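K.L.:
Sequence and predicted structure below; questions after.
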Amino acid sequence: MASEVPAEAAARYVGVIGPAGASPGECDLARRVGELLAGRGAVLLCGGLGGVMEAAAAGARARGGLTVGLLPGADRTDANPHLTVALATGLGELRNGLLVRACDALIAVGGSWGTLSEIALALRTGTPVVSLAGWALPDAPAETGPLPAATPEEAVALALTLRHGRADGGPHRA
């Protein structure tokens, strides 16, 4: 008897990254990104805490989306209240690598040092990155990103069309 693959397993997994100490404007952008991802059937992954992570998860949950948080600590109760699944990794900042590897693409909203580390890991491993009101990396090769987006709609459209791992390590369009 063949088993069916759950819809969530076949969906695109998009990470939304950004500062825990995000500005109100960054949170507004992240919330809209979450809403749009849920509306397109994507699974939203994040670091599970506050700021951009919480706003994106809130937006996705408001639209009935699935949200997964990879927490840095060992206590699930540290999770923001908008997560469907909270995974307490106990890995601290090392969970950034786990998040990057679990995603098909990342959308960076705003920027912090943690966000920059996730962008670097993603670019190094060929995970596509879209930047919305975030880090500008003028010396990064255009073909590997991060790709700039002017609006949440553009960021989500890009993230959902990019695929992991070209032969040269950069993303490519589906």
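P.N.:
In hand now; what should we look at? The structure displayed is predicted, hence computed values, not measured ones.
K.L.:
now the helices for this structure?
P.N.:
Applying DSSP state H to the chain gives helices spanning 7-10, 24-39, 52-62, 95-102, 113-125, 152-161.
K.L.:
Which among the ones you listed is found nearest to residue 72?
P.N.:
Evaluated over the helices of the chain, closeness to residue 72 peaks at helix 95-102, with 5.1 Å, by C-beta to C-beta. C-beta here means a position set from N, CA and C on the backbone, and glycine is covered the same way.
K.L.:
rewinding a little: so which of the helices of the chain is the most surrounded?
P.N.:
The highest average neighbour count among those, using mean count of other C-beta atoms under 10 Å, belongs to helix 52-62 at a mean of 27.
K.L.:
Run the angle between that helix and helix 152-161 for me.
P.N.:
Angle, helix 52-62 to helix 152-161, by axes from the mean of the first three to the mean of the last three C-alpha atoms, to 10 degrees: 90 degrees.
K.L.:
what packs against helix 52-62?
P.N.:
If you count contacts as 3 or more C-beta pairs under 8 Å, 6 or more residues apart in numbering; DSSP states H and E, helix 52-62 packs onto strand 13-17, helix 24-39, strand 43-46, strand 67-71.
K.L.:
shaky segments in this protein?
P.N.:
Filtered on pLDDT under 70, the chain yields the residue ranges 1-9, 142-143, 164-174.
K.L.:
before we move on, the earlier item: make CSV from the helices and strands packed on helix 52-62 and add distance to residue 103 to it.
P.N.:
Below are these laid out as CSV (distance: least, C-beta to C-beta, whole Å):
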stretch, distance to residue 103
strand 13-17, 4
helix 24-39, 11
strand 43-46, 6
strand 67-71, 10
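K.L.:
Tell me which of the ones you listed lies nearest to residue 133.
P.N.:
Nearest of the helices and strands packed on helix 52-62 to residue 133, taken as C-beta to C-beta: helix 24-39 at 5.9 Å.
K.L.:
Counting by contacts, list what that closest one packs against.
P.N.:
Judged by 3+ C-beta pairs under 8 Å, 6+ apart, helix 24-39 is in contact with strand 13-17, strand 43-46, helix 52-62, strand 105-109, helix 152-161.
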